[in-house]
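Asks: With the sequence up front, the predicted model follows.
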Amino acid sequence: IDRERLAITKEELYRMLAHEDLRKAAVLIFANKQDMKGCMTAAEISKYLTLSSIKDHPWHIQSCCALTGEGLCQGLEWMTSRIGVR
Ligand SMILES: Nc1nc2c(ncn2[C@@H]2O[C@H](COP(=O)(O)OP(=O)(O)OP(=O)(O)O)[C@@H](O)[C@H]2O)c(=O)[nH]1
């Protein structure tokens with residue numbers, strides 16, 4: 001996530017979560033480009049987006065690198081593990 005765009009990302013995230021149609025949605029956030037020097041870690045992104053304040057949706061943040069595929073399976077595994085939970 002671009003640092004400059006993180007504020008917009010945050011706004012959009014909470015706008016989406018407030019939408020009635022997404023009442024039962026689980027939220028999976030990929031912290032991509034973890035191979036890049038100076039990238040924000042998943043913990044930093046999580047803190048900025050105040051994910052711990054999200055109580056009405058299950059959420060998960062997964063660090064990943066789309067170029068190598070690292071972390072992608074773990075993220076999707078979390079999502080598939082949610083199926084049938086609600
Ligand atoms: N180093 C690195 N580059 C990546 C990774 N994921 C995507 N990219 C590169 O980032 C560029 C933008 O990718 P897009 O698929 O256009 O993504 P986007 O969301 O439209 O744009 P960005 O917000 O800039 O990522 C491409 O050149 C990708 O190859 C990653 O995990 N590591």
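Replies: Alright, I've got the coordinates. Numbering: from 1, shown residues only.
Asks: quick one, helices of the protein?
Replies: Using DSSP state H, the helices found in the chain span residues 6-17, 42-48, 72-82.
Asks: what's the closest non-adjacent residue to the residue of the chain found nearest the ligand?
Replies: Nearest residue of the chain to the ligand (C-beta to the nearest ligand atom) works out as Ala66 at 3.5 Å. Every C-beta, even on glycine, is put in place using the N, C-alpha and C of the backbone. Nearest non-adjacent residue to Ala66, counting by C-beta to C-beta, 6 or more residues apart in numbering: Asn32, 5.4 Å away.
Asks: For the residue nearest to the spatial centre of the chain, give me its contacts.
Replies: Against the mean C-alpha coordinate of the chain, by C-alpha atoms, centre = their mean, the closest residue is Ile29 at 1.5 Å. Counting by C-beta atoms under 8 Å, 6 or more residues apart in numbering, Ile29 makes contact with Ile45, Ser46, Leu49, Leu51, Trp59, His60, Ile61, Gln62.
Asks: In strands, which of those appear?
Replies: Trp59, His60, Ile61, Gln62 (DSSP state E).
Asks: The third one: neighbour count?
Replies: Going back to what we said before, that points to Ile61. Number of residues near Ile61 (other C-beta atoms under 10 Å) recorded here: 19.
Asks: confidence score at it?
Replies: What the model reports for Ile61 is a pLDDT of 98.
Asks: wait, doesn't Leu17 sit right on Ile54?
Replies: Yes - under the criterion of C-beta atoms under 8 Å, Leu17 makes contact with Ile54 at 6.9 Å.
Asks: so what's in contact with the two at the same time?
Replies: In contact with both Leu17 and Ile54: Val27, using C-beta under 8 Å, 6+ apart.
Asks: how about the residues of the protein near the ligand?
Replies: Asn32, Lys33, Asp35, Met36, Cys65, Ala66, Leu67 (C-beta under 6 Å from any ligand atom).
Asks: just to revisit the earlier point, could I get the contacts of Ile29 as a markdown table with distance to Lys24?
Replies: Compiled in a markdown table, the contacts of Ile29 are given as follows (distance: C-beta to C-beta, whole Å):
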| residue | distance to Lys24 |
| --- | --- |
| Ile45 | 24 |
| Ser46 | 22 |
| Leu49 | 20 |
| Leu51 | 18 |
| Trp59 | 13 |
| His60 | 16 |
| Ile61 | 20 |
| Gln62 | 20 |
